[in-house]
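J.: just need the structure, nothing else, for what follows:
(chains A and B)
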Number of protein chains: 2
Amino acid sequence: MHEFEMIRDYFRPLTMDRAEAGGLLDDAAVLEIPRDFDLVMSSDTLNSGVHFMDNESPANIAHKCLRVNLSDMAAMGAKPYCYQLNIAFANMPKEDWVKEFTDALMADQKEFGIFCSGGDTTVTEGGLLVSMTITGLVPRGKAVKRYGAKQGDFIVLTGDIGDAGIGVNVMLGVLKLDDPAHFLNACHRPVARTAISDIVQKYAHAAIDISDGLISDLSHICSVSEVGAKVEAEKVPLSYAARNLLDKGLVTFEDLFTGGDDYELALAVPPEKFETFKVEASKRGVDVSAVGVFEAGEGVSVINASGEALEFDQQGWTHF
Amino acid sequence: MHEFEMIRDYFRPLTMDRAEAGGLLDDAAVLEIPRDFDLVMSSDTLNSGVHFMDNESPANIAHKCLRVNLSDMAAMGAKPYCYQLNIAFANMPKEDWVKEFTDALMADQKEFGIFCSGGDTTVTEGGLLVSMTITGLVPRGKAVKRYGAKQGDFIVLTGDIGDAGIGVNVMLGVLKLDDPAHFLNACHRPVARTAISDIVQKYAHAAIDISDGLISDLSHICSVSEVGAKVEAEKVPLSYAARNLLDKGLVTFEDLFTGGDDYELALAVPPEKFETFKVEASKRGVDVSAVGVFEAGEGVSVINASGEALEFDQQGWTHF
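T.: Numbers count the residues shown, from 1 in each chain, chains lettered A, B, ... in the order given. Sure, this is the predicted structure:
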């Protein structure tokens, strides 16, 4: 398979849903931005051996890369619009690999209502590298930032926390489980909460997606918002499977709150708006939980059911 | 130097020119798109060992990556606006390296009137990889495509052709020259003709930037415009240095027209508008030349001063 055939048969169809992208036939896509909307733009790169295993399935790589990018749009309260796909292959890939990779992207394009606006394919000396730049739309001036949290706002989380981090530890061989499928799936196919972008934009004072771990990402909101955050550990939503491991002592709150890769949202929602937000989120198929309060001070503290502070050795995951 | 320090001290300042990018403090940049403009978006990735030598200077890598992306905006007739910078390091880079790299980007930001809207830094198993996604603005519906060339349009080129390809051959050791500086510079710092984006948009029926070689890229215009192109070899603008090598028999027309990496523009301009286009381009500091005509038929033919067809073995450069 020659590069031109690969692009023509597999990558170009990703752009054909929408005329704007020009079917990758030109130097660039031309995108018509609706009036009175801001453009929101973000990039995330996943590398073989760092963000996924060398032998990871192409579908998992595709889903993960697209969804970690989509997650940033959700955190801004933006409706995702399109993405640029920049892929560096270690070698000319087999056709089967490319088919599975692009099929997975196409499935997610339909699920999330987006299209590929272009990109680049190259070869690299190293392992596979997939870099995406995603763009989204938000009504002018309404993008949700990290810095808007106010004292008294509830700390609100979507979904369950910690499953993906457990999945990572399973993959790394740090944790051995009889049935790790739930955790591996959480790690491979993050949820990307764009289904609630509209109400994040409407009700949240601040938001972030949890990529490096709950504590680490909450601390980003705290530092730029100049507030502290007190999290009640027992209120943090866990899956049945994670709760089971916690009860057995196989994982700790620290594992769950600092593992990262959740791609759930952490939000600052004013108390008087929380019930409405919760109802609206539920209508969109997303469970949300209030797990604590932003307050005067700085940094993130975690307390147990007795009100005692839990001390963690680490905050989260860094790349270097 | 820790990742956070590197971003704070070197990469974040690239975004500080403009409030829109948010100083990389958020999940995404929020960009206000002016009314009645389309957004033009494109990506290009450069890999160590493929697009630049493993020991290439950080300034050269920065200039080249930004300018090959800017060149796509020029080809669309778009004014460049901002770029996402996605960089994968083989190892944690030395501070000197990062300083030189980001200084070069900042210099080009000022020269081209753009800013960095965000990005991502990661580590990879392989060599350095720099991927950029650039966005530009063009009045609604006015983006210049590859497919608009009409029979009778002049084939118009900016600048000189072939210098960068000679530079590549010098770097590869294929060609030995006493004083290769002019050619190496053409290769390392493409010109990116965004200075004439406004008149490309106003006067050109079609345009492409020459990345894979004059013949190869002209053939892209031909195939999607359903025309042929007849190039008069002697009219193709060459630098004094390249003309000298041609006269000495050290390089051939084939080398010059298929070497690639020119990042000049090839345009289809209607004959009645060519003189005005040339005058306006000159006012913007860019020389343009008419080197032939788009005509009925298909593909690109090259004729010498006697009107005889020149046959080339290859068309241009491919990645695989």
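J.: please count neighbours and contacts with C-alpha atoms only from this point.
T.: OK.
J.: give me the residue from the stretch 1-150 of chain A nearest chain B.
T.: For the stretch 1-150 of chain A, the nearest residue to chain B under the criterion C-alpha to the nearest C-alpha is A:Gly126, separated by 3.2 Å.
J.: next one: phi and psi at the spatially closest residue to that residue that is not a sequence neighbour?
T.: Closest residue to A:Gly126 apart from its sequence neighbours, by C-alpha to C-alpha, 6 or more residues apart in numbering or on different chains: B:Gly126 at 3.2 Å. Dihedral pair for B:Gly126: phi -100, psi -150, per degrees, to the nearest 10.
J.: what's the answer for the one 3 residues further on, then?
T.: Dihedral angles phi and psi of B:Leu129 (degrees, to the nearest 10) take the values phi -140, psi 130.
J.: still on that earlier bit, and the residue nearest to A:Gly126, how far is that from B:Asp54?
T.: Using C-alpha to C-alpha, to the nearest Å, B:Gly126 is found at 11 Å from B:Asp54.
J.: between these two, tell me which one has more neighbours.
T.: B:Gly126 (21 against 12; other C-alpha atoms under 10 Å in any protein chain shown).
J.: which residues touch the more buried one?
T.: For B:Gly126, the contacting residues are A:124-127, B:90, by C-alpha atoms under 8 Å, 6 or more residues apart in numbering or on different chains.
J.: the one helix or strand A:Leu157 maps to: partners in the sheet, and parallel or antiparallel?
T.: Secondary structure from DSSP states H and E places A:Leu157 in strand A:154-158. If you go by DSSP bridges, strand A:154-158 pairs up with strand A:265-269 (antiparallel), strand A:288-295 (antiparallel).
J.: neighbouring contacts of that strand?
T.: Strand A:154-158 has contacts (C-alpha under 8 Å, 6+ apart) with A:229, A:231, A:236-237, A:264-271, A:274, A:286-294.
J.: count of neighbours near A:Val50?
T.: Around A:Val50 there are 15 other residues, counting by other C-alpha under 10 Å.
J.: pretty sure it contacts B:Ala90?
T.: No: A:Val50 is beyond contact range of B:Ala90, at 11.6 Å (criterion: C-alpha atoms under 8 Å).
J.: shared neighbours of the two, which are they?
T.: When contacts are counted by C-alpha under 8 Å, 6+ apart, the set common to A:Val50 and B:Ala90 consists of B:123-124.
J.: wait, what's in contact with the closest residue to A:Thr121 other than its chain neighbours?
T.: Nearest non-adjacent residue to A:Thr121, counting by C-alpha to C-alpha, 6+ apart: A:Ile87, 5.0 Å away. Going by C-alpha under 8 Å, 6+ apart, A:Ile87 touches A:119-122, A:128-131.
J.: if we can go back for a sec, average pLDDT for the strand holding A:Leu157?
T.: Mean pLDDT, strand A:154-158: 98.
J.: check stretch A:288-297 too.
T.: Per-residue scores along stretch A:288-297 average to 98.
J.: ok, and what's touching it?
T.: Residues contacting stretch A:288-297 (C-alpha under 8 Å, 6+ apart): A:149-159, A:226-233, A:235-237, A:268, A:278, A:281-282.
J.: only whichever of the contacts of strand A:154-158 are buried, select them in PyMOL.
T.: Applying 16 or more other C-alpha atoms under 10 Å in any protein chain shown to those leaves a buried subset, and the PyMOL line that selects it is:
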select buried, chain A and resi 229+231+236+237+264+265+266+267+268+269+270+274+286+287+288+289+290+291+292+293+294
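J.: in ChimeraX, how would I select just the buried ones from the contacts of stretch A:288-297?
T.: This is how ChimeraX selects the buried members of the contacts of stretch A:288-297, with burial counted by 16+ other C-alpha under 10 Å:
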select /A:149,150,151,152,153,154,155,156,157,158,159,226,227,228,229,230,231,232,233,236,237,268,278,281
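J.: confirm the residue nearest to A:Thr121 sits in a strand?
T.: Yes: per DSSP: H, G, I helix; E, B strand; the rest coil, A:Ile87 lies within a strand segment.
J.: quick check, A:Leu246 in a helix?
T.: Yes: counting by three-state DSSP, A:Leu246 is part of a helix.
J.: that one and A:Phe253, how far apart?
T.: A:Leu246 is 8 Å from A:Phe253, where distance means C-alpha to C-alpha.
J.: those two: which is more packed in?
T.: Neighbours per residue, other C-alpha under 10 Å: of A:Leu246 and A:Phe253, the larger number sits with A:Phe253, 19 against 16.
J.: the more buried one against A:Ala233, yeah?
T.: Yes: counting by C-alpha under 8 Å, A:Phe253 does reach A:Ala233; the two are 7.3 Å apart.
J.: quick revisit: figure out how far the strand holding A:Leu157 is from the centre of its chain.
T.: In terms of C-alpha atoms, centre = their mean, to the nearest Å, the gap separating the centre of strand A:154-158 from the centre of its chain is 16 Å.
J.: perfect, that will be all.
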